[in-house]
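In: Give me a model of this one.
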Amino acid sequence: MLDHGLEGLVVYELVARWADAERDGDREALDALLDDGLIVVGPFGSVTGKEGWLRRHTGDEPVYSLFSWSNIRVRAHADAVVVVVLVEQVGTYLSREPSGLFQGTLVVLRDRLTKRWMIVAMNFTPLREPC
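Out: Take a look at the predicted model:
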């Protein structure tokens, strides 16, 4: 079970590594953090898996001038954790500007054999355009 001690810190650091990898376009780091069965619901309703999510980081895109996260809330039960976080991003992707403030929900599970925490699902809901 997750507590606010060491395991809580592990999940918090996992989210921080995910945010850093997203911002930096670090496909290798994302690959290590995301479960092979990942499901992502994007801010406009598109649904993709791990390969589709990683494909976004091909070449030099997306480019973020800002990718920050705050207001993290965690709800844990046994080997499952739901993380709710505000994500603000400013950037470009495929000549579009996917900038805004998003409510992100990440589902993180701990593998019972390896004891490793992995992101298994993500959902992003737009809240408003950036200021």
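
In: Which helix runs longest in this protein?
Out: Across the chain, the longest stretch assigned as helix under DSSP state H is helix 6-24.

In: Show me what it is packed up against.
Out: helix 27-33, strand 63-77, strand 80-92, strand 100-110, strand 117-128 (3 or more C-beta pairs under 8 Å, 6 or more residues apart in numbering; DSSP states H and E). For the C-beta atoms, the positions are set from N, CA and C on the backbone; glycine is no exception.

In: Throw the ones you listed into a markdown table and include mean neighbour count, thanks.
Out: Listed next are those as a markdown table, based on neighbours: other C-beta atoms under 10 Å:
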| stretch | mean neighbour count |
| --- | --- |
| helix 27-33 | 16 |
| strand 63-77 | 13 |
| strand 80-92 | 17 |
| strand 100-110 | 19 |
| strand 117-128 | 17 |
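
In: among these, which gets the worst mean confidence?
Out: Least confident of those, judged by mean pLDDT, is strand 63-77 with a mean of 79.

In: Report all helices and strands that that strand contacts.
Out: Using 3+ C-beta pairs under 8 Å, 6+ apart, strand 63-77 sits against helix 6-24, strand 80-92.

In: Out of these, which is closest to L38?
Out: Among the helices and strands packed on strand 63-77, the nearest to L38 by C-beta to C-beta is helix 6-24 (11.3 Å).

In: what's the angle between the closest one and strand 63-77?
Out: Counting by axes from the mean of the first three to the mean of the last three C-alpha atoms, to 10 degrees, helix 6-24 lies at 160 degrees to strand 63-77.

In: distance of the closest residue to R23 other than its chain neighbours from A16?
Out: Nearest residue to R23, sequence neighbours excluded (C-beta to C-beta, 6 or more residues apart in numbering): F67, at 3.7 Å. Distance, F67 to A16, using C-beta to C-beta, to the nearest Å: 12 Å.
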